[in-house]
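Engineer: let me see the structure of the following:
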Amino acid sequence: MKSKKQKRQGDFQKIQLKVGKKKPKADNATDVSFRSKAIHLPEQLKHADSGPTTHRHLDIKDLLSKLHHINSNIKQGALVGLRELLSAQPTLIELHASAVLSEVAALFTDKDGSVRAAAVRLLRFIAQCISAERVAPFFPLLSAHLTCAMTHISEAIQEDSLRVLDVLLEHYPGLLSQRHTVLLTNFLELISQKRKAGTGQDKSGKGGFALTISTSRSITAQQWRLTVLLRLGSFLQAVVEERPLEEGVTSMIGLGMWAGEKGSVRPVDVNWEEHVFGKGRIQVFENSGAVPTPHSTYRLRPDSKAGAGMNKELCSAETVQGFAGTLVPLLLEIWVEAAGGDQVQTNSGHLLSAEAMALMFQILTILQLLRRLTPQRDQQDILDAWFRNSYLTDFKHHFMKNFPYGLLEVARHKKKADGKKIRQQVAAGTVAGGNVEPLALNVTLCQVMVTLSLRGQDHVEAEDADWLGPIRIFIRDTLSNGGKLSSKHLAALLEVVWRMIVTQRSRVVTDDLLQAVFVQYQQRNLAVNVRTLLLRFFSQLYIQEHQNHPHIARSRILARWLASLPVQLVQLGSRNPQLSAQLLETIHPAAARGNKDLLQSLQKNACCIYDPQEGCVVVLPVESQKRLVQILHFLPAFPAELLACLSQVCNTGRVSASLATMLIRTIHLRSPLSGWLSSSQDVPVKDVDYLSFFFTTLTGFSSEMLRALQDTDEDGLLPSSTLSPLSVFATTLEQFLHHWDVVEEVCHCLDTLGSHAQCFDVIQNAIIKNLCGLVVVPDCVCAAILRCVPRLLDVNFLPSDTLLHFLSDCCLSMLSLLLQLEQSARKRDAVWEACFAALSTVPRLLRLVLQSLRVCDLCEEELPVLAQILSLLLQHTQLRNHMMANASLLQHIIQDLTHFYGGETREQWLTDLLYCYSVTLSGHRANMGMRDIY
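Structural biologist: Sure, this is the predicted structure:
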């Protein structure tokens with residue numbers, strides 16, 4: 001048996017290598033005797049089509065992924081690449097809005113300033129390309145990142161957060177204003193910090209926040225506060241503008257009436273629980289007038305969930321008081337610091353540096369906006385009372401101490417501009433708010449202070465005289481010093497004047513302030529917008545406050561202004577139709593209220609206003625023309641000269657037929673002949689002038705025009721002949737139809753008079769005196785006479801022979817004109833209607849017409865015309881009986897025509913005439929008595 005040592009040696013035997021012999025292969029050696037070939041997969045090596053890329057071949061997913069890189073340069077390059085890609089492919093913004101906005105918003109708090117600046121630039125570009133409706137679902141995320149940036153511990157990030165705020169305020173003010181609950185607190189934390197616990201509010205009235213000063217910023221503390229307050233003012237302005245006002249509420253007293261404020265809407269309240277089991281359909285309409293406003297308070301669902309900064313609305317006085325109670329003490333501290341710093345440099349406390357003036361102006365602007373946060377009028381009154389009780393003493397002490405303020409001129413040495421400092425100021429936004437004029441500061445201060453004055457019966461003159469007196473002096477001097485004011489400053493001054501007039505209710509104060517405004521109004525070469533502001537101010541002051549405030553109604557300055565309006569209307573004319581319309585908007589209600597001064601001036605300038613050639617009634621637009629016609633209803637008297645002008649206005653065609661009929665109806669109603677009750681000493685329209693006006697309007701041509709027409713040889717003149725005794729002047733179709741509508745209204749008014757016989761006698765004498773001797777007569781005049789006489793003819797009154805012969809000539813001439821010339825259907829129908837009505841109504845007129853038709857006096861070319869006239873008369877149903885009553889004359893005429901063409905061949909027109917005659921004769925027997933005709 002083997003020993004253990006021998007066994008071990010057998011297990012681990014070492015192979016002996018010999019020189020010259022090959023080395024034996026190992027047991028685990030790999031056999032490499034095989035051959036292989038390469039496998040080519042070209043399709044797998046191709047890059048997938050990932051859409052548009054940048055010049056570095058990076059698509060949007062690659063760029064978004066690089067925004068999470070730790071290297072700031074890579075993140076900045078990715079932001080630049082995103083802007084390049086989105087600029088080339090704008091459709092990608094809509095497709096990847098969620099991812100892009102979320103990634104960009106996360107960089108608002110990046111530690112590197114260049115990355116934050118690139119993110120703001122990209123956000124501004126995206127905001128220019130995408131609407132607020134598309135951004136709304138992602139705006140809570142943007143707002144959250146903005147809040148983080150504004151409350152960040154890094155001061156550089158806080159400064160850059162204001163640039164983000166600028167972008168959102170510029171493009172999405174409505175969405176941003178809905179986050180006011182969180183953002184207003186963020187604004188406070190940018191310039192202040194909460195006081196230590198337990199101190200609360202001290203006896204000096206300071207709030208729970210204290211101003212902070214940082215020495216590590218690139219700008220001064222005053223510049224930083226100005227930068228923050230500028231953004232706060234813009235944010236509050238967005239909150240005010242994006243929320244609609246309720247019905248009857250204006251954003252500022254008086255200013256909304258002439259400064260173009262947004263219109264008010266009425267909220268629509270629907271209780272859906274009441275209609276859960278209803279079977280009818282529910283329709284919700286917004287009651288906002290003829291033109292609906294896009295700013296509606298009706299929503300199917302809230303814009304955001306509770307807890308997202310929307311749980312508290314700035315719509316009640318209590319909510320605004322809570323925020324103002326914290327902000328106003330801080331604003332007063334900033335005011336004191338700004339004013340105190342300038343007093344160190346100069347003994348004159350009213351002189352301020354440009355930076356301090358800009359800061360004070362922004363403080364006053366924010367105070368104004370705080371008051372406008374409450375849309376309801378009653379809530380505004382509560383807020384005004386709270387401001388007065390809480391801060392009137394402080395405002396008088398700080399604001400009015402050195403009022404009015406001026407600009408401190410500081411001599412500066414010429415030196416090279418510090419470009420770095422300028423860039424820092426531009427980046428902080430202080431340059432834009434640093435250019436404030438002293439006038440803007442003083443006027444805004446006046447606006448803030450007058451809202452604190454007592455209203456109505458609560459006003460005690462001596463109580464507020466110490467600070468209202470300087471304001472009144474400043475307003476009076478500013479308006480009456482002869483300087484030109486911009487529309488913005490003027491609107492603010494007029495608001496202050498309005499508020500002081502309405503609240504103080506003093507005739508002395510009213511005349512003093514209105515005299516200053518009237519001096520500004522009387523200046524020459526004012527801009528159109530400035531003139532419009534002044535005109536609207538006086539107009540709305542008179543229209544809206546005239547009845548409620550007797551001291552305004554008795555103002556002699558307002559009376560002078562009203563008396564000057566007609567003169568201004570004459571001078572202005574059509575040079576500015578909008579301004580003329582504004583004048584008429586005041587003249588009309590003042591005339592309706594019977595303002596004595598206005599009516600006297602209007603009566604004096606009436607002939608110029610209603611001049612038919614260059615008067616306002618013919619040169620202004622239709623709406624203004626309508627107002628001018630309506631004003632005639634209140635005119636004290638209508639002299640003959642004015643009625644002559646009005647008659648020509650109706651006939652010239654420069655006003656529409658509807659306005660002409662309205663004018664005629666107005667003159668008719670003002671006349672005693674129509675039943676107008678007035679004393680014998682005060683008759684608006686005399687009877688003689690009334691009838692002269694209506695006859696002149698009826699003819700459509702003045703006596704001078706008719707005389708001039710007798711010597712004319714125009715192309716439209718039809719020469720006289722046996723079938724046309726008068727030489728008819730053919731007017732244009734437009735003129736004829738316009739005059740025809742006027743004639744209808746004239747006949748209607750004359751038909752309503754009491755005695756038809758007397759009226760017809762007057763009209764008959766006028767026709768005989770002015771028309772019967774004419775040789776050339778316009779066709780519209782012939783048609784008017786033929787239309788008017790049958791309507792006014794009394795059954796117990798027989799017209800004179802002279803009138804009958806003139807009517808016969810008119811009727812025969814018009815029938816010949818229509819058969820010889822091509823006329824429109826409406827004109828032909830109107831003339832036939834007038835002719836047939838006259839022939840069937842006026843006694844003996846048809847006999848005179850038939851007697852004048854002598855065949856022997858006609859030439860061969862006129863015979864077909866005669867036959868057509870007779871055929872028309874025979875075919876008319878209303879004239880058949882009258883024609884058969886004159887059968888002997890008719891038979892004699894037809895026999896003459898038949899004798900003239902007694903040959904074997906017969907003309908077609910003669911055949912038609914004989915057929916009509918035979919049909920008429922067979923249908924009516926010749927046993928009709930004269931009593932059946934007349």
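
Engineer: check this protein for its longest helix and report it.
Structural biologist: helix 317-345 (DSSP state H).

Engineer: check which element follows that helix along the chain.
Structural biologist: The C-terminal neighbour of helix 317-345 among helices and strands, as given by DSSP states H and E, is strand 351-352.

Engineer: now the helix or strand just after that next one against helix 317-345, angle please.
Structural biologist: Downstream of strand 351-352, the next assigned helix or strand under DSSP H and E is helix 354-371. Interaxial angle, helix 354-371 versus helix 317-345 (axes from the mean of the first three to the mean of the last three Cα atoms, to 10 degrees): 170 degrees.

Engineer: which strands and helices sit next to the following helix or strand past helix 354-371?
Structural biologist: Downstream of helix 354-371, the next assigned helix or strand under DSSP H and E is helix 377-398. Applying 3 or more Cβ pairs under 8 Å, 6 or more residues apart in numbering; DSSP states H and E, we find helix 377-398 packed against helix 317-345, helix 354-371. All C-beta atoms are positioned from the backbone trio N, CA, C, and that covers glycine.

Engineer: tell me where the chain has strands.
Structural biologist: Ranges of strands within the chain are 192-194, 209-211, 351-352, 406-407, 717-718, 727-729, 776-778, based on DSSP state E.

Engineer: in CSV: these, plus mean pLDDT and mean neighbour count.
Structural biologist: Below are the strands of the chain laid out as CSV (pLDDT from 0 to 100; neighbours: other Cβ atoms under 10 Å):
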stretch, mean pLDDT, mean neighbour count
strand 192-194, 83, 16
strand 209-211, 82, 16
strand 351-352, 84, 24
strand 406-407, 86, 15
strand 717-718, 74, 16
strand 727-729, 87, 22
strand 776-778, 89, 23
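
Engineer: least confident secondary structure element in this structure?
Structural biologist: helix 255-258 (a mean of 45; mean pLDDT, DSSP states H and E).

Engineer: still on that earlier bit, figure out which of the helices and strands packed on helix 377-398 is closest to residue 240.
Structural biologist: helix 354-371 (6.1 Å; Cβ to Cβ).

Engineer: could you check the angle helix 377-398 makes with the closest one?
Structural biologist: Using the same axes, to 10 degrees: helix 354-371 against helix 377-398 is 150 degrees.

Engineer: helix 354-371: which residues count as buried?
Structural biologist: 355-371 (16 or more other Cβ atoms under 10 Å).

Engineer: now do it, average pLDDT.
Structural biologist: The average pLDDT within helix 354-371 is 91.

Engineer: other SSEs contacting it?
Structural biologist: Here helix 354-371 touches helix 221-242, helix 317-345, helix 377-398, helix 438-450, going by 3+ Cβ pairs under 8 Å, 6+ apart.

Engineer: put the alpha carbons of the third one into PDB.
Structural biologist: Looking back up the chat, that one is helix 377-398. This file holds the C-alpha atoms of helix 377-398, laid out as PDB (Å, rounded to 0.1, in the frame of the first residue of the first chain):
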ATOM      1  CA  ARG A 377     -68.800 102.100  -4.900                       C
ATOM      2  CA  ASP A 378     -69.900 101.400  -1.400                       C
ATOM      3  CA  GLN A 379     -66.700  99.600  -0.700                       C
ATOM      4  CA  GLN A 380     -64.700 102.500  -2.100                       C
ATOM      5  CA  ASP A 381     -66.500 104.800   0.300                       C
ATOM      6  CA  ILE A 382     -65.600 102.500   3.200                       C
ATOM      7  CA  LEU A 383     -62.000 102.400   2.200                       C
ATOM      8  CA  ASP A 384     -61.800 106.200   1.800                       C
ATOM      9  CA  ALA A 385     -63.200 106.700   5.200                       C
ATOM     10  CA  TRP A 386     -60.700 104.200   6.600                       C
ATOM     11  CA  PHE A 387     -57.800 106.000   4.900                       C
ATOM     12  CA  ARG A 388     -59.000 109.300   6.300                       C
ATOM     13  CA  ASN A 389     -59.400 108.000   9.900                       C
ATOM     14  CA  SER A 390     -56.100 106.100   9.900                       C
ATOM     15  CA  TYR A 391     -53.700 108.200   7.800                       C
ATOM     16  CA  LEU A 392     -55.000 111.700   7.200                       C
ATOM     17  CA  THR A 393     -52.800 113.100   9.900                       C
ATOM     18  CA  ASP A 394     -49.700 111.400   8.600                       C
ATOM     19  CA  PHE A 395     -50.500 112.400   5.000                       C
ATOM     20  CA  LYS A 396     -51.000 116.000   6.000                       C
ATOM     21  CA  HIS A 397     -47.800 116.000   8.000                       C
ATOM     22  CA  HIS A 398     -45.600 114.300   5.400                       C
END
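
Engineer: which residues touch that helix?
Structural biologist: 205, 248-249, 315-317, 320-321, 324-325, 328, 332, 335-336, 339, 370-371, 374, 448-449, 451-452, 454-455, 466-467 (Cβ atoms under 8 Å, 6 or more residues apart in numbering).

Engineer: now do 7 Å
Structural biologist: Outside helix 377-398, the residues within contact range by Cβ atoms under 7 Å, 6 or more residues apart in numbering are 249, 316-317, 320-321, 328, 332, 335-336, 371, 374, 449, 451-452, 467.

Engineer: can I get the buried part of those residues as one PyMOL selection?
Structural biologist: To isolate the buried subset of the contacts of helix 377-398 in PyMOL, counting by 16+ other Cβ under 10 Å, use the following:
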select buried, resi 249+316+317+320+321+328+332+335+371+374+449+451+452+467
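
Engineer: all helices for the stretch 101-250 of the chain, in order.
Structural biologist: 113-129, 132-135, 139-150, 155-171, 173-177, 180-191, 221-242 (DSSP state H, counting those that start in this stretch).

Engineer: buried set for the last one?
Structural biologist: Going back to what we said before, that points to helix 221-242. Buried residues in helix 221-242, counted by 16+ other Cβ under 10 Å: 221-241.

Engineer: hang on, the earlier thing: reformat the helices of the stretch 101-250 of the chain as a markdown table; add distance to residue 640 and mean pLDDT.
Structural biologist: What follows is the helices of the stretch 101-250 of the chain, written out as a markdown table (distance: least, Cβ to Cβ, whole Å; pLDDT from 0 to 100):
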| stretch | distance to residue 640 | mean pLDDT |
| --- | --- | --- |
| helix 113-129 | 68 | 92 |
| helix 132-135 | 65 | 90 |
| helix 139-150 | 72 | 92 |
| helix 155-171 | 65 | 92 |
| helix 173-177 | 63 | 90 |
| helix 180-191 | 68 | 87 |
| helix 221-242 | 57 | 90 |
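
Engineer: so which of those gets nearest residue 768?
Structural biologist: Nearest to residue 768 among the helices of the stretch 101-250 of the chain is helix 221-242 (72.1 Å), distances taken as Cβ to Cβ.

Engineer: what's the spacing between the closest one and its chain's center?
Structural biologist: Helix 221-242 has its average C-alpha position 30 Å from the chain's average C-alpha position, going by Cα atoms, centre = their mean, to the nearest Å.

Engineer: one more: stretch 843-862?
Structural biologist: 64 Å.

Engineer: who touches that stretch?
Structural biologist: Stretch 843-862 is contacted by residues 721-723, 798, 804-805, 807-808, 811-812, 838-839, 866, 882, 886, 889-890, 893, 896-897, 900, 934 when judged by Cβ under 7 Å, 6+ apart.

Engineer: repeat that for stretch 659-668.
Structural biologist: Looking at what lies outside stretch 659-668 - Cβ under 7 Å, 6+ apart - the contacts are 625-626, 629, 632-633, 638, 646, 649-650, 674, 685, 693, 697, 741-742, 745-746, 749.
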